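Asks: quick one: sequence and predicted model below, then my questions.
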Amino acid sequence: MKKNFFLKIFLLLAILVMMLFVSCFETRTTFVFNKDLSGEVHLVYRISRQLNGVSGKYYTEENYKKNVEKIPGLTFKSYSEKETEQDYIYSITIDFDKPEAIVQFFNTSYDGDKSEHTLFEYNGDAAHPVFIAHLGPANRREHADRELPDTIKKSLENYIFQWSFKTPADAQLTLIDAEGKDFALPADWSLKSGKESSFTAPMASLMKVMSDTAYQGVKLRLAF
């Protein structure tokens, strides 16, 4: 009985850590690329009022300005925040003049240091750009597959995880595993390619996949 109790506590803490890894309850990231691969990225974070005291301090205008100013090639464009009855919503827009600059931004922690995890990569060249977005840590979970507790499922209802890309040419957006092989798309996830491509998943479903033993770091691959 005692062992099961501590196992449940461990699982709950692990899930909470993963929530923070994917930017709390909801995150929408939109890239707009120009032909020379300059562009802008628009970030929207929707955080439950219940969690804002824990994570809201990271989403301040001062914090984003500070981190943007440290990276050559980035320009802080706008910031706004608003409240609803359920959430705090933070919106940030950043201009970049080269892909390497925005890649560095995504691989920087909230305190301005290099992140322990690679979240975004740029491969290829200007003629054939390839971007890789990591949806989670690339390591195998040692525990058995488990369902999310009902309380966590309930709290994640109506929250999503979304990455969108607007490109000057048709783009191919695919979901791959750590070995670069196609990852089977769960029924409630969506993937769209073209000049306006996007990946969308319910946060609860994404958390479930991230807690599975077979999960080894699903990635989004954008090529255009």
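Replies: Yep, it's here. Computed from a predicted structure; not experimentally measured. Numbers count the residues shown, from 1 in each chain.

Asks: C-alpha only now, for contacts and for neighbours.
Replies: OK.

Asks: hmm, who's touching stretch 121-131?
Replies: Stretch 121-131 has contacts (CA atoms under 8 Å, 6 or more residues apart in numbering) with 36-37, 99-100, 103, 120, 132-133, 220-224.

Asks: next step: the residues you listed restricted to strands.
Replies: Among these, the members found in strands (DSSP state E) are 120, 132-133, 220-223.

Asks: just to revisit the earlier point, save the contacts of stretch 121-131 as CSV, and put in neighbour count and pLDDT too.
Replies: Shown next, in CSV, are the contacts of stretch 121-131 (neighbours: other CA atoms under 10 Å; pLDDT from 0 to 100):
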residue, neighbour count, pLDDT
Asp36, 12, 94
Leu37, 19, 95
Pro99, 22, 93
Glu100, 19, 94
Val103, 19, 93
Phe120, 19, 87
Ile132, 21, 92
Ala133, 19, 89
Leu220, 21, 91
Arg221, 19, 94
Leu222, 21, 96
Ala223, 19, 95
Phe224, 17, 92
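
Asks: which two among those are spaced furthest apart?
Replies: Across those, the longest distance by CA to CA is 21.6 Å; it joins Asp36 and Leu220.

Asks: and the helices in the protein?
Replies: Applying DSSP state H to the chain gives helices spanning 2-21, 52-55, 61-69, 99-106, 150-156, 203-211.

Asks: the closest residue to Asp188 other than its chain neighbours: how many residues sit nearby?
Replies: Excluding the flanking residues, the one nearest Asp188 by CA to CA, 6 or more residues apart in numbering is Ala201, at 6.7 Å. By the criterion of other CA atoms under 10 Å, Ala201 has 20 neighbours.

Asks: same deal with the one 4 residues further on?
Replies: For Ser205, the neighbour count with other CA under 10 Å is 20.

Asks: what about it, distance to Trp189?
Replies: Separation of Ser205 from Trp189 (CA to CA, to the nearest Å): 8 Å.

Asks: and Ile47, by the same measure?
Replies: Distance from Ile47 to Trp189, by CA to CA: 21 Å.

Asks: so between these two, which is more surrounded?
Replies: Ile47 (23 against 15).

Asks: next, the distance between the ends of stretch 186-201.
Replies: By CA to CA, the extent of stretch 186-201 from end to end equals 9 Å.

Asks: and it, what's its mean pLDDT?
Replies: Averaging pLDDT along stretch 186-201 yields 95.

Asks: identify the residues contacting that stretch?
Replies: Against stretch 186-201 from outside (CA under 8 Å, 6+ apart): 160-174, 202, 205.
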